[in-house]
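*Asks:* Return atomic coordinates for the entry below.
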Amino acid sequence: MAAGRVLAAGAFGLVLAIALNAQQLLREASQKPFGWERDGSVAVWEPVESASSAVGLHLPRLWADEALGRTVTDPGGTQAGSDSVTAETPAPADPGAAGGIVVAETGADGDATGAPATTPDTVAVIDATGEPTQAAVPTPDNPLRLAVIGDSMVRFFGDTMVSLANQTGVIDAATEHQLSSGLTRPDFYDWPARIVEVMTTDDPDAVVLMYGGNDAQALVVDGQIARPFSDGWVREYSARVGHMMDLVTTDPDRILIWVGQPIMRDPDFDHKMVELNKIYAAEAATRERVRYVDTRNLFRGPDGGFSRYVIDEAGQRTDVRLTDGVHLSTIGGQWLSQLLLDELGEMVDLSSGAAS
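*Replies:* A predicted model of the protein is given here:
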């Protein structure tokens, strides 16, 4: 075949590939940190994506993703283009609805108030404020519904935690994650809107949230770009974290565990995660039914810093982190999952389960 025809065929294939994948290319461009590089990339791919979608060239990619069980957000959909959190807070569920983990105040006569008349046997637990409350005891017939949600960190332990949780016999768990997402960039993925959907449709009794790995970047405050960890940035990010906590716990029957970031290999990145953890801990401390879980000590190496290998309870050197110095290995995911289930067990009586 003539060289010119080969070149033309290659060029046609490249153009077709770009058209078929224009939405993903725009997503990746939108994901970049604020700055000239992102602006340029978005400016290039927006018209390409618009033209591709207008003639339906994006559909084969969506069909293939659907067939493979993948979720791809449409760049032109409701989860794009927002610089602020606008999700509506769901109305509290009926405290008397069956199946919920009911947290009620104790009256002066010692009886629980606000609990449904058919509540299972109750047990005293300690909430985030340190005050005793009453909570329904989940059973195999009435399991606790648990949702494990977050960014790419959840990808590496979510399925493991679901498996361990379901083995208790009194937990019905599910997990979801969104790669490269977080709370600083709702224009890339709108987590508050998604949380409202999950709380409304799935109505979990307990929720585990983990974010932060992608959040140490600029965000928009009143139309202006705020530099990471500046005063304005901290105020806005803290508000977003608090808003997420409130979206979950608006239902008085629901509890939340917010997972802090583990120690990281890169010192600069680790410092940023420490600052984010301070925000998570501070916001959780002001809210009932929200517990912050520090994970740094769980993965601390022999010298007190980051290490891929940590000594387990049996004295064995165990690989708990991936080579990227950020994410968890399979064993690391097991460690974190067990820690979170132990924390959950302190908030809710799981003693009727098979694994108790």
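*Asks:* Name the nearest residue to the residue most central in space within the chain, sequence neighbours excluded.
*Replies:* When CA atoms, centre = their mean is applied to the chain, the residue found nearest the centroid is Gly150 (1.4 Å). Using CB to CB, 6 or more residues apart in numbering and skipping the chain neighbours, the partner closest in space to Gly150 is Met210 (3.7 Å). All C-beta atoms are positioned from the backbone trio N, CA, C, and that covers glycine.
*Asks:* The one you found is in contact with Val154, isn't it?
*Replies:* Yes - Met210 is within contact range of Val154, at 5.5 Å (criterion: CB atoms under 8 Å).
*Asks:* low pLDDT regions in the stretch 51-200 of the chain?
*Replies:* Low-confidence segments of the stretch 51-200 of the chain (pLDDT under 70): 53-56, 58-59, 61-63, 65-136.
*Asks:* quick one on the thing from earlier: wait, the residue nearest to the centre of the chain touches Tyr211, no?
*Replies:* Yes - with contacts counted by CB under 8 Å, Gly150 reaches Tyr211, the gap being 5.5 Å.
*Asks:* Break the chain down into its structural domains.
*Replies:* Listed by automatic domain parsing, the domain ranges of the chain are 3-67, 122-347.
*Asks:* Mind putting the ones you listed into JSON lines with distance to Gly353?
*Replies:* Shown next, in JSON lines, are the domains of the chain (distance: least, CB to CB, whole Å):
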{"stretch": "domain 3-67", "distance to Gly353": "36"}
{"stretch": "domain 122-347", "distance to Gly353": "4"}
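*Asks:* now, of these, which is deepest in the fold?
*Replies:* Mean neighbour counts were taken over these using mean count of other CB atoms under 10 Å, and the top value, a mean of 18, falls to domain 122-347.
*Asks:* related to what we said a few turns ago, which residues are in contact with the residue nearest to the centre of the chain?
*Replies:* Gly158, His177, Val208, Leu209, Met210, Tyr211, Val259 (CB atoms under 8 Å, 6 or more residues apart in numbering).
*Asks:* Go again with 7 Å.
*Replies:* Gly150 sits next to His177, Leu209, Met210, Tyr211 when contact means CB atoms under 7 Å, 6 or more residues apart in numbering.
*Asks:* what do you get for Gly213?
*Replies:* Asp151, Ser152, Met153, Gln261, Val326.
*Asks:* Now go through these and say which are in helices.
*Replies:* Ser152, Met153 (DSSP state H).
*Asks:* Looking at the contacts of Gly213, which is nearest Ser337?
*Replies:* Nearest to Ser337 out of the contacts of Gly213 is Met153 (CB to CB; 12.0 Å).
*Asks:* Can you tell me the closest non-neighbouring residue to that closest one?
*Replies:* Met153 sits nearest to Met210 (CB to CB, 6+ apart), 5.2 Å away.
*Asks:* Show the contacting residues for that neighbour.
*Replies:* Residues near Met210 by CB under 7 Å, 6+ apart: Gly150, Asp151, Met153, Val154, Val259.
*Asks:* Taking the contacts of Gly213 together, which two end up most distant?
*Replies:* Greatest spatial distance in the contacts of Gly213: Ser152 and Gln261, 11.9 Å, computed using CB to CB.
*Asks:* what's the closest of the contacts of Gly213 to Leu341?
*Replies:* For the contacts of Gly213, the nearest to Leu341 is Met153 (16.7 Å; CB to CB).
*Asks:* And that closest one, how close does it get to Gln167?
*Replies:* Distance of Met153 to Gln167, computed by CB to CB, to the nearest Å: 22 Å.
*Asks:* All the helices of the stretch 151-300 of the chain, residue numbers only.
*Replies:* For the stretch 151-300 of the chain, applying DSSP state H, counting those that start in this stretch gives helices covering 152-155, 158-167, 191-201, 231-249, 267-285.
*Asks:* mind checking pLDDT for Glu313?
*Replies:* The model reports Glu313 with a pLDDT of 89.
*Asks:* That one in helix, strand or coil?
*Replies:* Of the three states, Glu313 takes coil according to DSSP: H, G, I helix; E, B strand; the rest coil.
*Asks:* secondary structure class for Leu339?
*Replies:* Leu339 - assigned by three-state DSSP - is helix.
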